[in-house]
Structure formats: structure tokens, C-alpha cells
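Asker: Predicted model, plus sequence, below.
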Amino acid sequence: MLPEPTPETRHFWEGCRDGELRLQRCTDCKHTYFPPRAFCPKCASREVEVYKASGKAILYSYVINHRPRPDMGTEPYAIAVVQLDEGPRMMTNIVGCPQTPEALVLDMPMQVHFAKQTDEISLPLFEPAKG
Amino acid sequence: MKPKSIAVVGAAETTRLGKIPDVSVIGLHADAALNAMKDAGLKPSDIDGVATAGISPVELAHYLGITPTYADGTSVGGCSFMLHVRHAAAAINEGLCKTVLITHGESGRSRVGAGGFGRAPSSLMGQFEMPYGVTSPPTMFTIPVLRYMKTYGVSEADLANVAVIQREWAAKNPRASFKDPITVDDVLNSPMIAWPFRMLMCCLVTDGGGALILTSAERAKDFPQKPVYILGTGESVETPMVSQMEDFTSSKAFRVSGKKAFDESGITHADVDHLMIYDAFAHLPLYGLEDLGFVKPGEAKDFINERNTAIGGKLPLNTNGGGLSYMHSGMYGMYALQESVRQMRGTAAAQIDGAKISVSHGVGGMFAASGTVIFTNES
């Protein structure tokens, strides 16, 4: 089930395709937010900018789905929420790590990993931070 | 609203609950509506306001032969009916109509005449949640819970005990889907659905419906049933995506809706004799007890483990057995309201002696929305 970008979210998905995690920030109140929209959800200013985020995060919460959706394979997989260093949280999957409670410890440092799905869509997944 | 200005004068569920493969969704709405009209001694021509979710109020009105001057199609998930009660109270007080019928019907298990579950890939959920393999509520509603468990030291056994105590209530209810006693070990050994959630921490999936009829307190005295008055109401919404909840350990919609209802009613928590908290999953009563202010953040697990919400406890909770053991068609809020009304009428299967005030608190979507209704049987 791949995302279908809209005019308001296109910069985000183009960023993922190009290997950049792009967030938006209000130039008036400096608030960083997600998911994308054309105005600041904190102060309603339309003066917002897109910038490249660090791609660093912590594992914030998750479940391990033991009844996989048919397009997700046959093994249990974690559906996670990470908290980005810039503040916002986003849903994702975890790669490069066993999908077990023992391996997936809350607050562990993570980094973004772009997984190419099509020429247009790469998903921002996360893996345990290296080093 | 002015407390006690509006009353429930008709209330009923579908004739059957559970597996009803021979009735479609709209048929379940109609069965519940006809039962509630019989309960109130009314005919469709006596109804001038309609409210429903899942189907359109247009479908409902036309199907039953009602010509309304008020129609509410608020559809924010399983607590929609709490919002319908609130809106109906305001509408009646404002003179938009006199008698409102609120219905629910859902073929959750048999899927007869029911639509599919899905989101457009261009929606926010379609773009920012569906790609990561969420399927249905068991993989979404549960996502904040590990953070809650870490923050407050809540264990899997604590979650399991919520289901155990609700099964004790269900055992007293002949209409409950599951009545056999279970232990914490039974819950912890039930099939894994989405870790840390086991099957017995998740609600049932059944068929059924329910309906309520509201009118002014003034008119309510002339109806056959003992009126159940509305003391206060609240509602709020937060986010269509569970991953974007402001606080994973607390629902903002719960807090706002609950506070509004309590403020409006003028009661304190100590005045509450009976409580319903929509329990699609075992963590909902924990969040609900804390966000409604019955206990402080982090204290709900001990409150439940000390049996305060169990039979004989000081705050009887989910006395029909709840979504975990009674029934859950998909939008359970209607059944929470029905149990509150039964408790206030004195007709519940597990009746709380002398109960005068009941709080019914609902959730919609995955912590997306909330509605709260406070009832009393004292005029």
C-alpha cells in the first residue's frame, strides 16, 4: 500500500526519493512540524520552509504485528513510532534489527534508512543508529 | 446545556446480539429503532429528529418513514452516539425538534450489507501510516501503549487483569458473548495479535445495534419508562492518526470531553456510582480512569488491581462486560450508553443497588475522538 502524494506533501516524498528526510518549519515561530501542510499548525502562519532533517531519532513506541498484512510478508513485523531529533514523531518500520521485544528497546537511538519501492516512492524506515 | 433539561425516554438494543447473519446493517438499525420506539410507546410519525453514524441519517429516516426537522450525521467513530446525545440535547433545548431517535447498527462479524475498511492512499493516513503495515485497530490503537507502560511501570499482567475483571462482570450478564471466567495467565497465554496485545486483551467482533430516544424533561414524565436525565455532556476530537497523538500516555480528546461533561453537570468524581469506559482494548479503561480524573496519571493499574472497579468495588466499571466480553460490533459507544441507561432505570443484569449517577465515556477511531455523557435518575 504505497502513499499517493498530494500537492502539500510532494516535497516530503520527493525528499525520500532523493535520500533526504524533509521537515517543515515555521519561519515566524520556528516550530517544526509533521505531517506536511502549507501552514504552521501552532501559530497558523503561512510563512513556512522545507528543510533537511538530521534523520536521527529515538524509538518511541511500537507493536509487533503477528498477523501480517498480505503485502508485508509472512513474518511478524514491528509498526513503530519514532521521535525525530527535531521534535515531530512519525510512524515507520524498523529494519536492520530482529523484530522482537528484546531487540527493540524504547528510547534506543535510530537513524533513517530509505527503502526504495518504485521510481517515485521510497519509504523512510529506521534502523538502529550506527556508532 | 442545562442539567436535567433532557431525558432518555426510549432505549433498546437489537433483539439479538452476537452472530446475526440474516440481517443487514440497515436492518439492525431498524430493529433497534423499532425496539426503542416500542419501549417509549412511540411510532415513527412521533419522531422529528434523527441521528446516526455508519449509515446516513437520510437512509435511516427514509427507511423508517420519518420526516425529521433535525438530522445529525456526525460520524467520528464509536463514540459518535455520545456526540449525538449531546447535539440532540442542544437541538431539543433550542426548539429544532421535540423527539430525537439515535440509532446504531453494525454487521461487524457477518458483514451483511457492510462497507469495507480502507483509506484513500492520498489521505494523511494513507500516506503516513498505511505504508507501514497497519491493518485494523489491533495494530493501530495499541501503538501508544508501550510508551504508557514504560512511563508508569505497567506490566502485561496489569493489562491482562483489565480483561479478567470485566469477564467477572460479563458472567452476570445473560446477553454477554463470553461469560466463562478467565485468569491473568489465560489472557497472557492467548494468541499473540500485536505484541504486547494478546487476543483476550482485544475486543470481540460481533453483530448488533442499539437505539435511544430523547425528549425534553418536561415531556419525559408522560412516557411509560422511568426517565433518565442528562446531567452533562462533553466532546472533542484530536487526530486522525494515532502516531500524531500529542501525548502517548494520555488522550487529549478524553481530557477535554470529560472535563466539559463534569463541569456542566456540577458533580464531583465521588458522586459517580457507575462508570462505562469504551474498552475496545484493555488499555482503554486505564487511560479513561486517568484522563477523566478518577485517579492520577499512572494510578489506574493499581486502582483496577485493588478491585475498585470489580463487583463490590467502589466504582463499578463496564458492568455489562464491556467490549472485551459483552459485545463489540465496531462502534461500541451505543452499548455503553445502553448499559448506563439500564443502570439508571434499575434494570441492568448486574444492577448496582441505589445507583443515581452514571458516566458513559466513549472513544472514536484510535484516540481520534471522544464523547462523554453523564446520566442521573433523579429529576
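Answerer: Okay, I see it.

Asker: I'd like to know the phi and psi angles of residue B:233, please.
Answerer: phi -140, psi 160 (degrees, to the nearest 10).

Asker: I'd guessed it sits against residue B:362; true?
Answerer: No - when contacts are counted by C-beta atoms under 8 Å, residue B:233 is not listed as touching residue B:362 (11.2 Å). Any C-beta I mention is one placed from the backbone N, CA and C, and that applies to glycine too.

Asker: any residues in contact with both of the two?
Answerer: Residues touching both residue B:233 and residue B:362 (C-beta atoms under 8 Å, 6 or more residues apart in numbering or on different chains) are B:82, B:371-372.

Asker: Rebuild those as a markdown table, extending it with distance to chain A and pLDDT.
Answerer: Output for these, formatted as a markdown table (distance: C-beta to the nearest C-beta, whole Å; pLDDT from 0 to 100):
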| residue | distance to chain A | pLDDT |
| --- | --- | --- |
| B:82 | 26 | 98 |
| B:371 | 24 | 98 |
| B:372 | 26 | 98 |
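
Asker: Now, those that are in strands?
Answerer: Cross-referencing these against strands under DSSP state E gives B:371-372.

Asker: average pLDDT across the strand ranked longest in chain A?
Answerer: Among the segments of chain A that qualify as a strand by DSSP E, the longest is strand A:56-65. What strand A:56-65 shows for mean pLDDT is 98.

Asker: Keeping just the C-alphas, turn the helix or strand following it into CSV.
Answerer: Sequence-wise, the next helix or strand downstream of strand A:56-65 (DSSP states H and E) is strand A:77-84. The C-alpha trace of strand A:77-84 is given here as CSV (Å, rounded to 0.1, in the frame of the first residue of the first chain):
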residue,chain,number,x,y,z
TYR,A,77,6.9,-7.1,12.0
ALA,A,78,7.1,-4.0,14.2
ILE,A,79,4.9,-1.0,13.4
ALA,A,80,6.8,1.7,15.2
VAL,A,81,6.7,5.4,16.0
VAL,A,82,10.0,7.3,16.2
GLN,A,83,10.6,10.7,17.7
LEU,A,84,12.8,12.7,15.4
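
Asker: Okay, now the sheet partners of whichever helix or strand comes after strand A:77-84, with direction.
Answerer: For strand A:77-84, the following helix or strand on the C-terminal side (DSSP H and E) is strand A:89-93. Looking at strand A:89-93 with DSSP bridges, its partner strands are strand A:77-84 (antiparallel).

Asker: got the angle between the partner strand and strand A:56-65?
Answerer: 160 degrees (axes from the mean of the first three to the mean of the last three C-alpha atoms, to 10 degrees).

Asker: hang on, the earlier thing: gap between the longest strand of chain A and the chain center?
Answerer: Relative to its chain's centre, strand A:56-65 lies at 11 Å (C-alpha atoms, centre = their mean, to the nearest Å).

Asker: just for the chain, where's the confidence low?
Answerer: The chain I'm using is chain A. In the prediction, chain A carries no residues with pLDDT under 70.

Asker: let's do chain B instead
Answerer: In the prediction, chain B carries residues with pLDDT under 70 at positions B:115-118.

Asker: hang on, the earlier thing: higher neighbour count, residue B:233 and residue B:362?
Answerer: Legend: neighbour count by other C-beta atoms under 10 Å in any protein chain shown for residue B:233 and residue B:362, higher for residue B:362 (34 against 26).

Asker: which stretch of helix or strand covers that one?
Answerer: strand B:357-364.

Asker: Show me the contact partners of stretch B:144-160.
Answerer: By C-beta under 8 Å, 6+ apart, the residues outside stretch B:144-160 that reach it are A:60-63, A:81, A:106, B:184, B:187-188, B:196-198, B:200-201, B:242, B:245, B:248-249, B:282-283, B:286-287, B:297-298, B:301, B:304-305, B:367.
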